[in-house]
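Asker: Here's my sequence, what's the structure:
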Amino acid sequence: MSKQVQELLEAYDETQYSLRPQTLKEFIGQETIKERLHIHINAAKQRKQALEHILLVGPPGLGKTTLAKIISNEMGGGFKSAVGPTMERLDLATILTNLEAGDILFVDEIHRMKGYVQESMYPAMEDYKIDLPVGQGPSADIITVPLSRFTLVGATTREGLLSGPFQNRFGIRIHLGYYTDDEIQIAINQYSNRLQPPVEIEEKAERELACRSRGTMRIAKNLLLNVRDYATVKSTGVITHAVAQEALEFFSIDELGLDKGDRDYLSTLIEKFSGRAGLKSLAVAVSEDERTIEEVIEPYLLKIGFLSLTPTGRVAADPAYAHLGFPSPQDAQPTFF
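Answerer: This is a model prediction of the structure:
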């Protein structure tokens, strides 16, 4: 995939940061989740206690980082962030001992945190203390350092990779789902007005972008920025429906939001592997990282029914054949009487 979709997911700049909602009220979609968080946050504030630790689960680009910052804003505490795979015990100890009461510690890709680092979090999450070695070698002493009552907010695309004991220490688990086209269209309208300078965009163009955003807010933001640039250079700067269609075709985003990388993935699965292949074989064939395939490409293909995961590998579904113009595998089977 889609290097292009990956770039859309990972492209951050100050303009995009300014588009982030700052409160639950501003956050579009995920209504049940917002109501749950509203209850947890207000209950904690009434008790004057820190929130329970929160695990945010869902595919990339659905707003896990944004929700973590909103939680911090709503609670009125500080916000510290880290990335799971880069954390070591010393880093963790430094971060934890510098947290103040009510602070939010956000750890992205928490499923990639090393096992021994996860284990170091157990006493910190349960008892708000951490054991630190003093000295080196077998004779080193261990001192227990008390911690302020903080809230750990972890974000993961793959909850199953977290150890059971670590998962169980999160009192609140939130599973984010894809957004509807209506929700994304509302967001695109708001984003276009918040940009500096604001972008004039037709309602039909908003809908076109929404329908090709893969149910993902982050991709919607980036598509809007890309189409804005196209409209600035190739047209009058106004994003009409026609300009939006031209721009999306130029960026190789089809009517379902699939780009060339997605189509190459599906074509390879169908043509080279007769519609069924293992992850490793597919990754080699499309020259893509396995983790990118699992976390970025496949979730959306599964959502729209183009792909299924079976014990024998990835299987292309009939809609994928039809979308790419391949004959259905049933049609290719000989008929016996």
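Asker: Residue 32 - how many residues pack around it?
Answerer: 10 (other CB atoms under 10 Å). All C-beta spots, glycine's among them, are computed from the backbone N, C-alpha and C.
Asker: typo on my end, it should be residue 258
Answerer: Neighbours around residue 258, by other CB under 10 Å: 27.
Asker: Ignoring the adjacent residues along the chain, who's closest to residue 128?
Answerer: Leaving aside its chain neighbours, residue 128 sits nearest to residue 147 (4.5 Å; criterion: CB to CB, 6 or more residues apart in numbering).
Asker: whoops, I mixed them up, residue 238
Answerer: The shortest distance from residue 238 to any non-neighbouring residue, by CB to CB, 6+ apart, is to residue 200 (4.7 Å).
Asker: wait, isn't the one you found in contact with residue 236?
Answerer: No - Residue 200 is beyond contact range of residue 236, at 9.0 Å (criterion: CB atoms under 8 Å).
Asker: Give the residue from those two that has the larger number of neighbours.
Answerer: Shown here are residue 200 and residue 236; by other CB under 10 Å, residue 200 has more neighbours (15 against 10).
Asker: per-residue confidence for the more buried one?
Answerer: On pLDDT, residue 200 comes in at 96.
Asker: residues touching it, list them.
Answerer: By CB atoms under 8 Å, 6 or more residues apart in numbering, the contact set of residue 200 is 192, 237-239.
Asker: do that again at 10 Å, thanks
Answerer: 192-193, 228, 231, 236-240 (CB atoms under 10 Å, 6 or more residues apart in numbering).
Asker: Take those residues and keep only those in helices.
Answerer: Judged by DSSP state H, helices contain the following of these: 192-193, 228, 231.
Asker: Closest one of the contacts of residue 200 to residue 278?
Answerer: Proximity of the contacts of residue 200 to residue 278 (CB to CB) peaks at residue 228, which lies at 40.8 Å.
Asker: Please, where are all the helices along the stretch 151-300 of the chain?
Answerer: 164-168, 181-194, 203-211, 217-234, 241-250, 260-271, 279-286, 290-292, 298-303 (DSSP state H, counting those that start in this stretch).
Asker: closest to residue 157 out of those helices?
Answerer: When these are compared for distance to residue 157 using CB to CB, the nearest one is helix 298-303, at 7.9 Å.
Asker: Now do that closest one: distance to the chain's middle.
Answerer: Centroid displacement of helix 298-303 relative to its chain, using CA atoms, centre = their mean, to the nearest Å, is 13 Å.
Asker: Also stretch 296-304?
Answerer: That offset, for stretch 296-304, works out to 12 Å (CA atoms, centre = their mean).
Asker: and if you look at stretch 60-78?
Answerer: The chain centroid and the centroid of stretch 60-78 are separated by 13 Å, computed with CA atoms, centre = their mean.
Asker: cool, stretch 244-253 as well?
Answerer: On CA atoms, centre = their mean, the centre of stretch 244-253 falls 24 Å from that of its chain.
Asker: before we move on, the earlier item: save the helices of the stretch 151-300 of the chain as TSV, and put in distance to residue 121 too.
Answerer: Shown next, in TSV, are the helices of the stretch 151-300 of the chain (distance: least, CB to CB, whole Å):
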stretch	distance to residue 121
helix 164-168	7
helix 181-194	34
helix 203-211	39
helix 217-234	28
helix 241-250	44
helix 260-271	36
helix 279-286	30
helix 290-292	23
helix 298-303	27
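Asker: Alright, I will stop here.
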